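Undergrad: no FASTA, just this:
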């Protein structure tokens, strides 16, 4: 039988809870730490002493006196530990390194997995990571771990399960284990859309009480869901698969087994083939690049390119309506590499659809915004998940009071 | 700043936590209560003394000795308090009374709201409730409150917001407040599909760790979502509005503002008009009755009635696919008055669709079952929500260990 959530705290989480509150507060006294966490003064003193010995926390001065002896203030040592986010996709691999305070201190974009064998890609990632860490001047033993991000669905934190056509070689490949073995760092695996949602939550101005979805478009389409600071993970961590909901029961078959899916009607691959069938000239080096070229043409002038992207936007808007009506969202953030380029073409169509059709509109609106860091949100989320597992393994993450989170 | 969930428990919730653990355990000693809840022995003793004085808990004997003096066992007094669930719909009003232990001790089905003015319906409900309570021999001061259930969406626990065509008079009517004033009982308001999900969770054999949806069909179509014992409420308590997701971007307009919605393509009203257009003879006394008559004809023999219901089932199956792919469900329970009659026609179509198209099928299957108490699950959920607010206001509800919950 599980315990009620608010009574009794295993001692092992005190350290994480204190670290998280110190990080969110910026500077805080031991007395305030005890009040914020509900831990006893004695526990706070013991755990803080150990955090100082480990170099994670430092004494930074004294609070203004309120009568008695002014209290010593504690602060996180951001450079004491780091986390790496690696976002692996067919079209590109994005690396970020974040410090313990949540600031991104290093970023790198490299060519994608393409048609290379998984083993070769893993070796390259391990090598590129060594280069990145070395160039950033970070001691390797200060790195807590890797947050590995890949297209979903993923199986129990080990591998990629059902893979899009361009990544068939990755089916059942134990990605996290292989990267852990190649780098010597603990690795956790998350799907791209959920990681992007975490990245948006860390890096954005999103209200902690928000129920929001990151609508993610890279090569595929998905979404990550966060309600009140918690990722909604469903039964196996594969929620938000909005690319594979049906919008036409008589529509064309999709690689997933369904018909009329959002991806097959309106995802980047579908948009690119439609453009090519319409005779629009595209570079032909890959779906991501072709989609970007088409989107830039659609932004430049009215014409067939814009019609094709508008048609895609209409379907994505209906997908957003579905997400909002199923999840009762108050915010949708457009993110991922494809929205990084084409977001401005999609956002008015999605806003208009939700204003007309969101079922709960008598209660509240659904805001729709483009992420300010759409192309690296998933990698940031990977790093954030590693930090979160260190700082607050069992809880909603504490957002910094007053100031926005520093990530991104 | 909110506190991490596991550190520090406001004293006010100790009573609720202890009541909930006693209910779930059946019989339990004070020592085991302290262990289960993490509360100190002194707190347990004080609070249990007060629960005994209030008549909510009683000492029922002694545990088998494990060496020392055998411990006194505590048990809930189920008849100490009761909760009422009232499910108000156009086609019928369902009442249930549940005792503190979760057993349904009384049930009543009365004519629906129909075209009557909201004020008149509220007066009737208050009068029918007095009759029901009196016939059940329950002292009115033992009733904790009313769980009022209506079609959604609902606004901040006060009223019905956006209403289907048959219930236009209820727009913005403060239903909970009006019933509270008319009955003198505290009232909470919940939408029908979410209440049905709570009723299924209380009354069913559903795993506490399940992420499931109650797919609800009454006059309209909706769903309620429960993950790990918690209702997923989204931003304003109006999640799961699967009746108003679009399955055809060029489909017919729906009363909600959208086009091609599940309800307008495949809900009971759409099915009934399609049948009438096809010349099938129906009683014509109301959508619920006509849908029931058509469903019975479809079960009896192959023919136009079956074709029409099968077409509806095909759309509902796609809606189930959407729910499963967005929420990563492991279980869908078909419930509500219309599935109470027609569930067996829908369940094979939905099962087949999910077996072929659920995106996470490499990780796990999605079970699809018909509720054993589909016609009253929403009313049971209304009563359960009242008990839950008394027993465990801030927590996931504790399922009885070993035995299934007693409700229903």
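TA: Perfect, thanks for sending it. These figures come from a predicted structure and were not determined experimentally.
Undergrad: which helices and strands does the longest helix anywhere in chain A pack with?
TA: Ranked by number of residues, the top helix in chain A under DSSP state H is helix A:304-327. Contact here means 3 or more CB pairs under 8 Å, 6 or more residues apart in numbering or on different chains; DSSP states H and E; on that basis helix A:304-327 packs against strand A:211-217, strand A:221-227, helix A:262-266, helix A:268-277, helix A:287-300, strand A:331-335, helix A:337-357, helix B:304-327. The C-beta positions use only the backbone N, C-alpha and C, and glycine is treated the same way.
Undergrad: deepest-packed of the ones you listed, please.
TA: Ranked by mean neighbour count, the helices and strands packed on helix A:304-327 are led by strand A:211-217 with a mean of 30 (mean count of other CB atoms under 10 Å in any protein chain shown).
Undergrad: and it, anywhere near chain B?
TA: Yes - among the residues of strand A:211-217, residue A:211 lie within reach of chain B under CB under 8 Å from any CB of the partner chain.
Undergrad: can you list the strands that that strand pairs with?
TA: strand A:221-227 (antiparallel), strand A:331-335 (parallel) (DSSP bridges).
Undergrad: can you redo these as CSV with mean pLDDT?
TA: Shown next, in CSV, are those (pLDDT from 0 to 100):
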stretch, mean pLDDT
strand A:221-227, 96
strand A:331-335, 97
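Undergrad: nearest to residue B:86, out of those?
TA: Of all these, it is strand A:221-227 that lies closest to residue B:86, at 28.6 Å by CB to CB.
Undergrad: ok now that closest one, how far from the chain's centre?
TA: 9 Å (CA atoms, centre = their mean, to the nearest Å).
Undergrad: in the stretch 151-300 of chain A, which ranges drop under the pLDDT threshold?
TA: Along the stretch 151-300 of chain A, segments meeting pLDDT under 70 span A:152-167, A:204.
Undergrad: of all the residues in it, which one is nearest chain B?
TA: Relative to chain B, the nearest point of the stretch 151-300 of chain A is residue A:234 (2.6 Å; CB to the nearest CB).
Undergrad: which of the helices and strands packed on helix A:304-327 sits closest to residue B:29?
TA: Using CB to CB, the nearest of the helices and strands packed on helix A:304-327 to residue B:29 is strand A:221-227, at 37.7 Å.
Undergrad: the closest one to helix A:304-327, inter-axis angle?
TA: Counting by axes from the mean of the first three to the mean of the last three CA atoms, to 10 degrees, strand A:221-227 lies at 30 degrees to helix A:304-327.
Undergrad: tell me where chain A has helices.
TA: So, for chain A - with DSSP H - the helices run A:12-25, A:30-37, A:41-53, A:118-135, A:175-183, A:192-203, A:262-266, A:268-277, A:287-300, A:304-327, A:337-357, A:377-391.
Undergrad: adding distance to residue B:88, write those helices out as TSV.
TA: Shown next, in TSV, are the helices of chain A (distance: least, CB to CB, whole Å):
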stretch	distance to residue B:88
helix A:12-25	44
helix A:30-37	44
helix A:41-53	51
helix A:118-135	57
helix A:175-183	50
helix A:192-203	37
helix A:262-266	36
helix A:268-277	45
helix A:287-300	50
helix A:304-327	23
helix A:337-357	26
helix A:377-391	43
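Undergrad: out of the ones you listed, flag the one nearest residue B:268.
TA: Closest among these, using CB to CB: helix A:304-327, at 19.1 Å.
Undergrad: before we move on, back to that, surely the residue of the stretch 151-300 of chain A closest to chain B and residue B:227 touch.
TA: Yes - using CB atoms under 8 Å, residue A:234 is in contact with residue B:227, at 6.8 Å.
Undergrad: what do the two both touch?
TA: Common contacts of residue A:234 and residue B:227 (CB atoms under 8 Å, 6 or more residues apart in numbering or on different chains): B:211, B:327.
Undergrad: how many neighbours does the residue in the stretch 251-400 of chain A that chain B sits nearest to have?
TA: At 2.6 Å from chain B, residue A:328 is the closest residue in the stretch 251-400 of chain A, using CB to the nearest CB. Other residues lying near residue A:328 total 28 when counted by other CB atoms under 10 Å in any protein chain shown.
Undergrad: the residue lying closest to it once chain neighbours are set aside and residue A:182, how far apart?
TA: Once flanking residues are discounted, residue A:328 sits nearest to residue B:234: 2.6 Å by CB to CB, 6 or more residues apart in numbering or on different chains. Using CB to CB, to the nearest Å, we find residue B:234 at a distance of 41 Å from residue A:182.
Undergrad: what about the two, which has more around it?
TA: Neighbours per residue, other CB under 10 Å: of residue B:234 and residue A:182, the larger number sits with residue B:234, 24 against 17.
Undergrad: the more buried one: what's it in contact with?
TA: A:211, A:227, A:327, A:328, A:329.
Undergrad: wait, what's in contact with the last one?
TA: Meaning residue A:329. Residues counted as contacts of residue A:329 (CB under 8 Å, 6+ apart) are A:211, A:212, A:213, A:323, A:366, B:234, B:235.
Undergrad: what of the second one?
TA: Taking CB under 8 Å, 6+ apart as the contact definition, residue A:227 lies against A:210, A:211, A:212, A:327, B:232, B:234.
Undergrad: residue contacts, the closest residue to residue A:123 other than its chain neighbours?
TA: Ranked by CB to CB, 6+ apart and with sequence neighbours excluded, the top spatial neighbour of residue A:123 is residue A:182, at 6.4 Å. Going by CB under 8 Å, 6+ apart, residue A:182 touches A:122, A:123, A:125, A:126.
Undergrad: now residue A:57
TA: A:19, A:22, A:48, A:51, A:74, A:75, A:76, A:77.
Undergrad: number of nearby residues for the fourth one?
TA: The reference is to residue A:51. Neighbour count for residue A:51, taken as other CB under 10 Å: 20.
Undergrad: follow-up on the earlier one: is it possible to export the helices and strands packed on helix A:304-327 to a markdown table including distance to residue B:373?
TA: What follows is those, written out as a markdown table (distance: least, CB to CB, whole Å):
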| stretch | distance to residue B:373 |
| --- | --- |
| strand A:211-217 | 30 |
| strand A:221-227 | 29 |
| helix A:262-266 | 36 |
| helix A:268-277 | 44 |
| helix A:287-300 | 50 |
| strand A:331-335 | 37 |
| helix A:337-357 | 33 |
| helix B:304-327 | 20 |
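Undergrad: how many residues are close by residue A:258?
TA: Residue A:258 has 24 nearby residues by other CB under 10 Å.
Undergrad: so who does it touch?
TA: A:244, A:246, B:321, B:356, B:357.
Undergrad: same question, residue A:380
TA: If you count contacts by CB under 8 Å, 6+ apart, then residue A:380 has A:85, A:96, A:98, A:104, A:198, A:199, A:202, A:203, A:373, A:407, A:408 around it.
Undergrad: by neighbour count, which of those residues wins?
TA: Most crowded among the contacts of residue A:380, counting by other CB under 10 Å, is residue A:199 at 35 neighbours.
Undergrad: surely that residue touches residue A:377?
TA: Yes - between residue A:199 and residue A:377 there is a contact at 3.7 Å, judged by CB under 8 Å.
Undergrad: which residue ranges make up each domain of chain A?
TA: A:12-76, A:81-198+A:378-391, A:207-371 (automatic domain parsing).
Undergrad: from start to finish, how long is the second one in a straight line?
TA: Same thing as domain A:81-198+A:378-391. End-to-end distance for domain A:81-198+A:378-391, by CA to CA, to the nearest Å: 11 Å.
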